[in-house]
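Enquirer: all I have is the shape, not the residue letters:
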């Protein structure tokens, strides 16, 4: 998470080269408050409790292009039940490139054992994190941090597309296993923030889905 709090978020955006005034589907909202996890810790390369919630100035108006994503706070939800997940972000697409992507990108990921992340980033993942990588090579990279990680999950007999994680950190080469914040392990904190601050919230400093 950056040192500066964001002043606004843009929802419905898929191409950052299109300015708001020319993109009718993009809506901009001011950020009233950035609520960082009280136990956030960073000492390179380690991030712990790498999660924040943004309180917006008004309720988000949902439409065809701006929709919420579910976060299931049931304690019975198990991330290990998901075979494949997707990460989204605006980061660089190759480690040697310096320019971030103008268009929103996604990559398929599969869960890995904590040992895989210990090998790739020399960091032991905690219960508040999970390890994942792309089965076809590549990975999330610089500029993707804060982006959502989501997947289909069977809940109460229905397949639901839910947010399970947030991009946190990985290897310098961007082609190995990386560590992601486990959203489900922060369910109690998320519920506390909801009860305290209301529903004008977004999860993650750079994450666009809202909390259902």
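Expert: It's in. Since we're looking at a predicted model, the values are computed, not measured. Numbering: from 1, shown residues only.
Enquirer: which residues sit against the longest helix along the chain?
Expert: Counting by DSSP state H, the longest helix found in the chain is helix 187-197. Outside helix 187-197, the residues that touch it by C-beta atoms under 8 Å, 6 or more residues apart in numbering are 33, 35, 37, 51, 53, 55, 71, 73, 75, 183, 201, 203, 211. Glycine gets a C-beta too; all of them are placed from N, C-alpha and C.
Enquirer: switch to 6 Å and redo it
Expert: Applying C-beta atoms under 6 Å, 6 or more residues apart in numbering, the external contacts of helix 187-197 come out as 35, 53, 55, 73.
Enquirer: of those, which is the most crowded?
Expert: If you count neighbours using other C-beta atoms under 10 Å, the busiest of the contacts of helix 187-197 is residue 53, which has 22 neighbours.
Enquirer: please name the nearest non-neighbouring residue to that residue.
Expert: residue 35 (4.6 Å; C-beta to C-beta, 6 or more residues apart in numbering).
Enquirer: then residue 80?
Expert: In space, and not counting its chain neighbours, residue 80 is closest to residue 111: 6.8 Å by C-beta to C-beta, 6+ apart.
Enquirer: wait, residue 32 touches residue 58, no?
Expert: No - judged on C-beta atoms under 6 Å, residue 32 makes no contact with residue 58 at a distance of 9.2 Å.
Enquirer: I'd like the average pLDDT over the longest strand seen in the chain.
Expert: Secondary structure assigned by DSSP state E gives strand 158-169 as the longest strand of the chain. Mean pLDDT, strand 158-169: 92.
Enquirer: what comes up buried for that strand?
Expert: 162, 163, 164, 165, 166, 167, 168, 169 (16 or more other C-beta atoms under 10 Å).
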